[in-house]
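Colleague: This is a predicted model, with the sequence first.
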Amino acid sequence: MKQALSLHPLIVDARVQGLVFDLDGTLIDSARDILQSIRLALEDVGLGTLPDDYFPDNMHGTSMGIFRSVISDMGWEIPEDMTPLRQAYLVHYQALDHRNTRLYPGVPEFLEACRDAGLSIAICTNKMHVFAMNALEKFGLQNTFGFVTGCDTWAEAKPSPIPLLETIRMLELQPAQSVYFGDTSVDAECANSAGVPFVLHESGYGDVALHGQAKLLSFRRWEELMG
């Protein structure tokens, strides 16, 4: 008989009934596929070639936000019309099909422990909904979450609090009954604006703007949250 895992006391606090998770940099390490798609799209539209060792400071926004940061980093002119770049990115990202994306160790066990504890769980990501679902399906997690919010699900994307608040509403919970897990300042700002306690995954794609952001807890390995 499999022994049930215990969860961190802050997660199983009686007031907490639901957990919402960012995806990229929090549950999955998808940087290689995202960056390769960006690299190929920039070459397709003739903007230029990224250095082999390049890694952007901004891995926390929407895809177009990341593109703008990358183009600025390289000193290139940001196109007035980003549509060709976006279309090229979507083609390449779909073709890669998350081949280099991995779950962070301990994620399946943690999610199972959360469900065993009777917690509602959901996703709130700045990834497009279709790609979020494709990634979850790759890891057999497509039926794990009560709701999945993508950057295109609601009128605004993170750091607006709207997608997180709407995700919590879909779980039929209140912000005070929820906790949000993320890895960047965008996640922290979103949670804090929504009045939702924030838990930081320090092994994700964190950025300097995280400093000073309020958080309930921080951890580097998912195993730290299980007994």
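Modeller: Good, I have the coordinates.
Colleague: Now tell me what touches the helix or strand bottoming out on mean pLDDT in the chain from outside.
Modeller: Of all the helices and strands that make up the chain, helix 63-73 has the lowest average by mean pLDDT, DSSP states H and E, namely a mean of 90. Residues from elsewhere that reach helix 63-73 (Cβ atoms under 8 Å, 6 or more residues apart in numbering): 34, 38, 41-42, 47, 50, 54, 56-59, 61, 77-78, 82, 85-86, 89, 128. Where C-beta positions appear, they are placed from N, C-alpha and C, glycine not excepted.
Colleague: In the protein, what residue spans correspond to strands?
Modeller: 18-21, 28-29, 102-103, 120-124, 147-149, 178-182, 198-201, 217-219 (DSSP state E).
Colleague: of all those, which gets the most neighbours per residue?
Modeller: strand 178-182 (a mean of 27; mean count of other Cβ atoms under 10 Å).
Colleague: so what secondary structure elements neighbour it?
Modeller: Here strand 178-182 touches strand 18-21, helix 185-194, strand 198-201, going by 3 or more Cβ pairs under 8 Å, 6 or more residues apart in numbering; DSSP states H and E.
Colleague: Put together a markdown table for the ones you listed, with distance to Ser218 on each row.
Modeller: As requested, those are exported to a markdown table (distance: least, Cβ to Cβ, whole Å):
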| stretch | distance to Ser218 |
| --- | --- |
| strand 18-21 | 15 |
| helix 185-194 | 10 |
| strand 198-201 | 4 |
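Colleague: and the ones you listed as CSV, adding distance to Glu156 and mean pLDDT?
Modeller: Below are those laid out as CSV (distance: least, Cβ to Cβ, whole Å; pLDDT from 0 to 100):
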stretch, distance to Glu156, mean pLDDT
strand 18-21, 16, 98
helix 185-194, 10, 97
strand 198-201, 18, 98
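Colleague: angle of the least confident helix or strand of the chain against helix 185-194?
Modeller: Inter-element angle recorded for helix 63-73 and helix 185-194: 130 degrees (by axes from the mean of the first three to the mean of the last three Cα atoms, to 10 degrees).
Colleague: on that earlier part again, select, out of the helices and strands packed on strand 178-182, the one closest to Asp207.
Modeller: helix 185-194 (5.3 Å; Cβ to Cβ).
Colleague: what's the spacing between the closest one and its chain's center?
Modeller: Relative to its parent chain, helix 185-194 has a centroid offset of 12 Å by Cα atoms, centre = their mean, to the nearest Å.
Colleague: in this protein, which spans are helices?
Modeller: 31-44, 63-73, 83-96, 107-116, 129-138, 162-170, 185-194 (DSSP state H).
Colleague: can I assume Val130 is in contact with Gly150?
Modeller: Yes - counting by Cβ atoms under 8 Å, Gly150 is a contact partner of Val130 at 7.4 Å.
Colleague: of those two, who's got more company?
Modeller: Legend: neighbour count by other Cβ atoms under 10 Å for Val130 and Gly150, higher for Gly150 (20 against 12).
Colleague: which ones are touching the more buried one?
Modeller: Counted by Cβ under 8 Å, 6+ apart, Gly150 has contacts 125-132.
Colleague: let's see 6 Å
Modeller: 127-129, 132 (Cβ atoms under 6 Å, 6 or more residues apart in numbering).
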